[in-house]
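Peer 1: coords please:
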Amino acid sequence: DGEIGELVFTSLTKEAFPVIRYRTRDLTRLLPGSARPGMRRMEKVTGRSDDMIILRGVNVFPTQIEEALLACDWCGGHFVIELTRPGRLDEMTVLAEARPEHWDGAGLVVHAERLTARIKDTIGVSARVAIQPPGTIERSAGKARRVIDKRPKE
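Peer 2: Okay, here's the model as predicted:
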């Protein structure tokens with residue numbers, strides 16, 4: 001109870017294959033208690049397991065970065081995560097777009113340092129933060145592309 005995991009379904013009516021589990025790739029958790037006897041309550045879907053990034057052995061979800069960014073008053077909410085491997089270790093850079101009223105140059109370095117520390121404290125991985133001018137991060141009509149993986153394919 002309470003741990004985030006992938007939601008799976010099992011059909012109990014199939015007599016030939018009753019134990020086949022169907023993966024949804026949705027992340028959620030079971031809530032303590034029950035709605036009715038034999039029924040469990042589930043939290044709303046919080047993300048997708050196929051969005052997960054493994055960085056130096058730590059599972060990182062773009063939604064975790066988004067939560068850290070949305071806690072910052074200077075951030076406009078648009079961001080991209082770039083993954084690179086300049087040497088032997090993977091590196092993560094968060095390109096975060098500033099709000100127009102905060103793009104005056106004053107305090108941008110301090111904002112980036114605070115966000116870097118917040119990401120390290122909450123997620124457990126080091127990330128470089130680069131604050132971008134308003135309107136420079138590409139928008140899409142559909143689902144936002146949050147991760148750009150520039151690591152070499154093995």
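
Peer 1: skipping adjacent residues, who's closest to the residue nearest the centre of the chain in space?
Peer 2: In the chain, the C-alpha nearest the mean C-alpha coordinate belongs to P62, at 1.8 Å (CA atoms, centre = their mean). Distances taken as CB to CB, 6 or more residues apart in numbering place R146 nearest to P62, at 4.3 Å, with adjacent residues excluded. The way it works is simple: take the backbone N, C-alpha and C, and place the C-beta from them, glycine included.

Peer 1: now do that neighbour against T122, distance only.
Peer 2: 17 Å (CB to CB, to the nearest Å).

Peer 1: again with R48
Peer 2: Remark: distance between R48 and T122 (CB to CB) = 20 Å.

Peer 1: same question, F9
Peer 2: Counting by CB to CB - F9 and T122 are separated by 31 Å.

Peer 1: so these two - more neighbours on which side?
Peer 2: T122 (13 against 10; other CB atoms under 10 Å).

Peer 1: fine by me, thanks again.
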